[in-house]
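A.B. asks: Sharing a sequence plus its predicted fold:
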Amino acid sequence: MAKVTVDGIEVEVPNGASVLQACELAGAEIPRFCYHERLSVAGNCRMCLVEVEKAPKPVASCAYPVMDGMKVFTDTPMVRNARRGVMEFLLINHPLDCPICDQGGECDLQDQAMAYGKDSSRFQEQKRVVKDKNIGPLIKTVMTRCIQCTRCIRFATEVAGVPELGATGRGESMEVGTYVEKALSSELSGNLIDICPVGALTSRPYAFVSRPWELTKTDSIDVLDATGTPIRIDTRGGEVLRILPRQDEAINEEWMGDRGRFSFDGLKRRRLDRPWVRRNGKLAPATWAEAFSEIAARFRGRLGAVVGDTVDAEAVFALKSLMGTLGSANLDCRQAGEAITGTHRAHHLFNTGIAGIEAADRLLIIGSNPRLEAPVINARIRKATLAGLKVAYVGPATDLTYGATNVTLETDFLAGAERPMVILGRAALARPDGAGLLARAWEMATPTPEWNGFNLLHAFGGQVAALELGFVPGPGGLDLAAMMGGGVDALWLLGADGFDPARIGENTFVVYQGHHGDAAAARADVILPGAAYTEKDGTWLNTEGRMQRAYTAVLPPGEAREDWKILRAASAALGKPLPFDTLEQLRAQHPLFAGIVPDTALVAPPAGALSDLPFAAADKNYWQVDPITRASPTMAACAQAAQTPAMAAE
C-alpha cells in the first residue's frame, strides 16, 4: 500500500493504483471524459489534470501511478487554468446543438463545461463537420459532436468483444466509425449510448421524444432474459419512453442487453385490452362478467394449466393455488419439455452466481450460447477470460466473443481445475437424452459444499420462479406433452406462448391469459387481458434464484388487469375463492415472497443414457423471442439488419 496525500488528506491506496483513484478515495472530484472504471486507460482527453508536487506540469491523473509519499493537489490555479484550456480545446469543434441534442440534461460535456470551463473562447475558426455513420437501427450518430474519447471503441473491443468500431485519420481529421458502414452486430450495443459522454451516440428510438426531467422513473427488472438485470423504466403520460440499466455489481455491473433495452415499443402494439369469448367459432369482445361466466360453464372435467416464461411469481402461485382448489395436478412450466423436475434447487439454478464466474478457473459450456441467451452474463465470461479463465464448449461452432475450444462430452476438459464450472443451457434439456445430459453435466462439475460449479442457464426471467413454486405435475399429474391432443378437457394458458398451440386437442376448452395477441391467443376460447411486466408490482427470480421486485411504471391498457387479480376473480366465479384479496395477503401465503428458500442440497441427478445426437444450434434471431419482442418494430428492424448488416446510408 502507498500513502498519498490529496489536498491535505492522507489516504492509503494499493500499489499500482492511479492518482485519479487516490483522489476519489480522498473524496476529491476529478472530471474526466475518456476514463471509465471498466475500460482500459486511454489518457487522451486530458480533463483529469492535477498538480503533483515536484512535477513540472499538470499530469493526467487517470494514467499516472501513485508513489509512496506523493502529494497531489486537485484545485490550484495551475489545475484550474489547465482544465479550462482543455475544455476550450474540446469545444473548438463542438457544435451548438444543446437545444436539440438528446443528451441534453444528461451530458457530461455540459456539466463539466459549466463546472470547469470558462465563459468565452479565443478560437474563431470554423467548426469541422463529420459525416454521420449508420451503425444500425438502435444508435443514432451525430459524429460532429464526437470529442474522440474512444470510450465506444474500447467498450466494443474489450467488454462486448465485437471490435467493429475504430478510428481513422489523425488529429482534427480523426473519425470514429465502423470502417465499412454496417450495423453493429453486438447484443450489447445500447451500452454505447450510456458510456458516450456527449451526444455523439444517442438512442435512435428515443430521438427527439423527451427530456430527462420530464420523465417519471420506476425501478424494475428486465425479464426478457434470465440475467435479472435491474432496470429503470422512464415514462411520461402513461407511456414507456426509455429503459435504462441500474448498477448491480453482483448481476450486471452496469450493462444491459439490447433486447430488454429497446423492445418497449412492443408494449404498445398487438395488446389485449379487453376480454374476448369465442362465439359461433369466432372471437368476439365481451365483458369480464361474460368471460368469467363462460369459464364457469366450461372449465370442467380434466383440467390442466401451463405458465409461460416471463410470468411473475405471484401469478404463478395464484394459478397453482386455483388448480389445487379445483383438484388438478396437471401443471407444467416447461413448454419445451425440458428434463427439469424442480425437486432439488441445485439442479435448476446458476449455483456459482453470476459474479462467481470470475472465481472459476475452467468453464465448460454445454448446449448453450450465452452470447444470445444472456449477453450480460456472456460479457462477464469474457471479462473472466481476459483474467485467465479457460473456456471450452460442447455444441456447434459459434463466436462467443472470446477464445473457446470446441470439445465433446467425452473430453476431460475440467480435469485438474480447482474451481471447475459448467454452464448447461436449458434448451439442451429438451433433447430426448435431457435427463442423462443433466446427470453428466452435474458429474463433470463435481459440486462440493465449498464450490458448486454446476449452473443451469435459463432463457427468461419467469422460468426459475415457476420451478421454485413447484408448477410441475403433481402426483398422477400430466405434463404439457400429455395434456396436448385432448389429454385434458380444459386448459388454462397463463402467458404460455412458447409451444405450438396447434398441438392442443380440437375439443379442449382453452383459456388464454396474457398481454399480447400472439399465436396462443388465437387458439383460445376465452381471452383474459393481463398486464405486462412494466404494468404491475411483481416478483421474479433470475437464473441464480435471486429474488427481485419490479414496480408498476404504467397502468395496463383498457380493461387489462394484473394477472393475480384476474385469477382471484376467476376463482370466485368458479366457486373456489382463493384466500387472499391483496398482493400482501398473497405474498404471505408462501415463504418464497419473504426471501425464505430451502437449503440447496447437493443431490446428484439420477443417471440417464446419452445419445449421439448433435447439439442444435441456438436460434440466431436474438431479437424476436417472445410476444413483446415479436410485436416490436424496433426488434423487427434489428432482425432484418442482422440478416443484412451492410446497409446503405440514410
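C.D. replies: That came through, no problem.
A.B. asks: Tell me the strands beside the helix or strand containing residue 528, with direction?
C.D. replies: Using DSSP states H and E, the element containing residue 528 is strand 526-529. Strands adjacent to strand 526-529 in the sheet, as given by DSSP bridges, are strand 276-279 (antiparallel), strand 509-514 (parallel).
A.B. asks: most tightly surrounded among these?
C.D. replies: For the strands paired with strand 526-529, the stretch with the most neighbours on average is strand 509-514, a mean of 25; neighbours defined as mean count of other Cβ atoms under 10 Å. Where C-beta positions appear, they are placed from N, C-alpha and C, glycine not excepted.
A.B. asks: With only the CA atoms kept, save the strand holding residue 528 in PDB.
C.D. replies: Output for strand 526-529, consisting of C-alpha atoms alone and laid out as PDB, is shown next (Å, rounded to 0.1, in the frame of the first residue of the first chain):
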ATOM      1  CA  VAL A 526     -61.700 -17.200 -23.800                       C
ATOM      2  CA  ILE A 527     -59.100 -14.400 -23.600                       C
ATOM      3  CA  LEU A 528     -58.400 -12.600 -20.400                       C
ATOM      4  CA  PRO A 529     -56.200  -9.400 -20.900                       C
END
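A.B. asks: Against which helices or strands is the very next helix or strand once past it packed?
C.D. replies: On the C-terminal side of strand 526-529, the nearest following helix or strand under DSSP H and E is strand 538-541. Here strand 538-541 is seen to pack against helix 313-325, helix 463-468, strand 547-550 when contacts are counted using 3 or more Cβ pairs under 8 Å, 6 or more residues apart in numbering; DSSP states H and E.
A.B. asks: outside of strand 538-541, which residues touch it?
C.D. replies: Contacting residues not belonging to strand 538-541 are listed as 221, 223, 228, 312-315, 461-462, 464-465, 468, 533, 547-550, 587, 592-593 [Cβ atoms under 8 Å, 6 or more residues apart in numbering].
A.B. asks: strand partners of that strand, parallel vs antiparallel please.
C.D. replies: Taking DSSP bridges as the criterion, strand 538-541 forms sheet pairs with strand 547-550 (antiparallel).
A.B. asks: circling back: which among the strands paired with strand 526-529 is found nearest to residue 28?
C.D. replies: strand 509-514 (52.9 Å; Cβ to Cβ).
A.B. asks: Okay, angle between that closest one and helix 313-325 too, please.
C.D. replies: Using axes from the mean of the first three to the mean of the last three Cα atoms, to 10 degrees, one finds that strand 509-514 and helix 313-325 are set 160 degrees apart in direction.
A.B. asks: Then residue 233 would be within a strand, right?
C.D. replies: Yes - counting by DSSP: H, G, I helix; E, B strand; the rest coil, one finds residue 233 located in a strand.
A.B. asks: burial count for the residue lying closest to it once chain neighbours are set aside?
C.D. replies: Counting by Cβ to Cβ, 6 or more residues apart in numbering, the nearest residue to residue 233 once its immediate chain neighbours are dropped is residue 553, at 4.0 Å. Here the neighbour count serves as a burial measure; for residue 553 (other Cβ atoms under 10 Å) it reads 26.
A.B. asks: So residue 553 versus residue 587, what's the distance?
C.D. replies: Residue 553 sits 20 Å away from residue 587 when distances are taken as Cβ to Cβ, to the nearest Å.
A.B. asks: Okay, helices next: where are they in the stretch 251-400 of the chain?
C.D. replies: Assigned by DSSP state H, counting those that start in this stretch, the helices in the stretch 251-400 of the chain fall at 258-262, 288-298, 313-325, 370-373, 375-386.
A.B. asks: Throw these into TSV and include distance to residue 405, thanks.
C.D. replies: TSV is the format used below for the helices of the stretch 251-400 of the chain (distance: least, Cβ to Cβ, whole Å):
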stretch	distance to residue 405
helix 258-262	28
helix 288-298	54
helix 313-325	38
helix 370-373	15
helix 375-386	12
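A.B. asks: among those, which is nearest residue 510?
C.D. replies: helix 288-298 (9.9 Å).
A.B. asks: Show me what counts as buried in the closest one.
C.D. replies: If you call a residue buried by 16 or more other Cβ atoms under 10 Å, then helix 288-298 has these buried ones: 288, 290-292, 294-295.
A.B. asks: now it: how far from the chain's centre is it?
C.D. replies: Taking Cα atoms, centre = their mean, to the nearest Å, one finds the center of helix 288-298 at 38 Å from the center of the full chain.
A.B. asks: try stretch 155-167
C.D. replies: For stretch 155-167, the gap between its own C-alpha mean and the chain's C-alpha mean amounts to 19 Å (Cα atoms, centre = their mean).
A.B. asks: for stretch 401-408, same thing?
C.D. replies: Per Cα atoms, centre = their mean, the centroid offset for stretch 401-408 relative to its chain is 24 Å.
A.B. asks: What is the end-to-end distance of it?
C.D. replies: Separation of the first and last residues of stretch 401-408 by Cα to Cα, to the nearest Å is 20 Å.
A.B. asks: What lies in contact with that stretch?
C.D. replies: 160-162, 364-365, 371, 378-379, 381-382, 385-386, 391-395, 397, 413.
A.B. asks: Mind giving me the ChimeraX command for buried ones among those?
C.D. replies: Command for ChimeraX, covering only those of the contacts of stretch 401-408 found buried under the criterion 16+ other Cβ under 10 Å:
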select :160,161,162,364,365,371,378,379,381,382,385,391,392,393,394,395,413
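A.B. asks: Can you lay out the helices and strands packed on strand 538-541 as TSV showing mean pLDDT, distance to residue 628 and mean neighbour count?
C.D. replies: Listed next are the helices and strands packed on strand 538-541 as TSV, based on pLDDT from 0 to 100; distance: least, Cβ to Cβ, whole Å; neighbours: other Cβ atoms under 10 Å:
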stretch	mean pLDDT	distance to residue 628	mean neighbour count
helix 313-325	98	16	24
helix 463-468	97	16	27
strand 547-550	97	14	20
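A.B. asks: Let me see the contact set for the closest residue in space to residue 168 that isn't next to it in sequence.
C.D. replies: In space, not counting the residues next to it along the chain, residue 168 is nearest to residue 175; the distance is 5.5 Å by Cβ to Cβ, 6+ apart. The neighbourhood of residue 175, defined by Cβ under 8 Å, 6+ apart, consists of 130-131, 143, 146, 167-169.
A.B. asks: Now render the residues you listed as TSV, adding neighbour count, distance to residue 267 and pLDDT.
C.D. replies: TSV is the format used below for the contacts of residue 175 (neighbours: other Cβ atoms under 10 Å; distance: Cβ to Cβ, whole Å; pLDDT from 0 to 100):
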residue	neighbour count	distance to residue 267	pLDDT
130	19	35	93
131	12	35	93
143	15	31	95
146	24	32	95
167	15	38	94
168	10	39	93
169	11	42	92
